[in-house]
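**Q** next one to model:
(one chain, ligands or ions: 1)
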Amino acid sequence: MTYECILTATQGAGPRKTGVITLNRPKALNALNDQLMNELGDALHAYEADEGIGCIVITGSERAFAAGADIPAMAQHSFMSAFKSGLISKNWEVLREIRKPVIAAVAGFALGGGCELAMMCDFIIAADTAKFGQPEIKLGIIPGAGGTQRLPRAVGKSKAMDMLLTARMMNADEAERAGLVSRVVPFEKLMDEALAAAEAINAMSGPSVMLIKELVNLAYQAPLSDAVAVERRYFHALFGTDDQREGMAAFVEKRAPVFRHS
Ligand code: HXC
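**A** Numbers count the residues shown, from 1 in each chain. I've put the predicted structure just below:
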């Protein structure tokens, strides 16, 4: 498929590859308009359906992961047009449907919808140049793609309130201390680090990977006792897989496992 606002590439040396999606509207700091979000949704669906892909990385440019939703495109809306159109493309929700891990590799600005997009990914690896923020309040609006909900879950109430109410940006070190990002690396190492993480995941058993993603997300929705019970059942279920037999046999035989994702 040909895209205009994103670039796609397949990376990796192993049998399962990584699908890399690069947001690519450089003149607008990768502002997220409907076309970009629709293309992102299509690319995510294509990688999700591709058996040869184990993991997905979403990244931007050196200057910006994404500076938010496209402001000129939003500026003309009235309440009624926003309400009737459901303002923001339904493809903003696609990330929630993706069962393979999605890593955000963030350099530069991740603001507004850009920060929300990064937070929808399973984890964020940041360049030391990354800057996170939810500056919507300066535009007389509020976040509209989960910022008021995912940010407090990621960094706690006090820091989330501070960022959302004052619109201040958080640098990469603060974001790592607060738990918003999993690791910070020099900008030059960002893609190597994200691709190495993806490659490590690609080598794991696919069913284990998908279940871990599902269960960690359940931690934000279900009571602990219910979620732990679900985890125990899935733990039992994995004893019906080829990969459990292979993984444990490989340990006993002191060799690397070769998972077949079945
Ligand atoms: C459209 C944008 C944009 C955006 C930047 N640009 N952000 N275009 N939508 N969100 C454009 C600028 O207009 C400019 O285009 C070019 O990118 C470079 O930006 P500059 O402002 O010249 O760069 P700089 O001075 O370095 O400042 C960078 C910046 C600033 C701090 C990131 O651009 C900025 O504050 N942008 C807006 C950030 C924001 O408010 N995001 C939240 C949006 S609301 P020209 O043509 O002039 O060169 C949102 C709601 C989400 O995300 C709701 C759910 C979907």
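**Q** in CSV, list the C-alpha atoms belonging to the helix or strand harbouring Ser225.
**A** Using DSSP states H and E, Ser225 falls within helix 224-237. What follows is helix 224-237, C-alpha atoms only, in CSV (Å, rounded to 0.1, in the frame of the first residue of the first chain):
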residue,chain,number,x,y,z
LEU,A,224,-6.8,-7.4,41.4
SER,A,225,-8.4,-10.7,42.5
ASP,A,226,-10.3,-11.1,39.2
ALA,A,227,-7.3,-10.3,37.1
VAL,A,228,-5.0,-12.6,39.1
ALA,A,229,-7.6,-15.4,38.6
VAL,A,230,-7.6,-14.8,34.8
GLU,A,231,-3.8,-14.8,34.8
ARG,A,232,-3.8,-18.2,36.6
ARG,A,233,-6.1,-19.7,34.0
TYR,A,234,-4.0,-18.4,31.1
PHE,A,235,-0.9,-19.7,32.9
HIS,A,236,-2.5,-23.1,32.9
ALA,A,237,-3.6,-22.8,29.3
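**Q** other SSEs contacting it?
**A** Identification of packing neighbours for helix 224-237 by 3 or more Cβ pairs under 8 Å, 6 or more residues apart in numbering; DSSP states H and E yields helix 206-218. The way it works is simple: take the backbone N, C-alpha and C, and place the C-beta from them, glycine included.
**Q** report the buried residues of the helix it packs on.
**A** 206-213, 215 (16 or more other Cβ atoms under 10 Å).
**Q** I'd like those as CSV, with distance to Glu136 and pLDDT appended.
**A** Shown next, in CSV, are the buried residues of helix 206-218 (distance: Cβ to Cβ, whole Å; pLDDT from 0 to 100):
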residue, distance to Glu136, pLDDT
Gly206, 38, 96
Pro207, 39, 96
Ser208, 38, 98
Val209, 34, 98
Met210, 33, 97
Leu211, 35, 97
Ile212, 32, 98
Lys213, 28, 98
Leu215, 31, 98
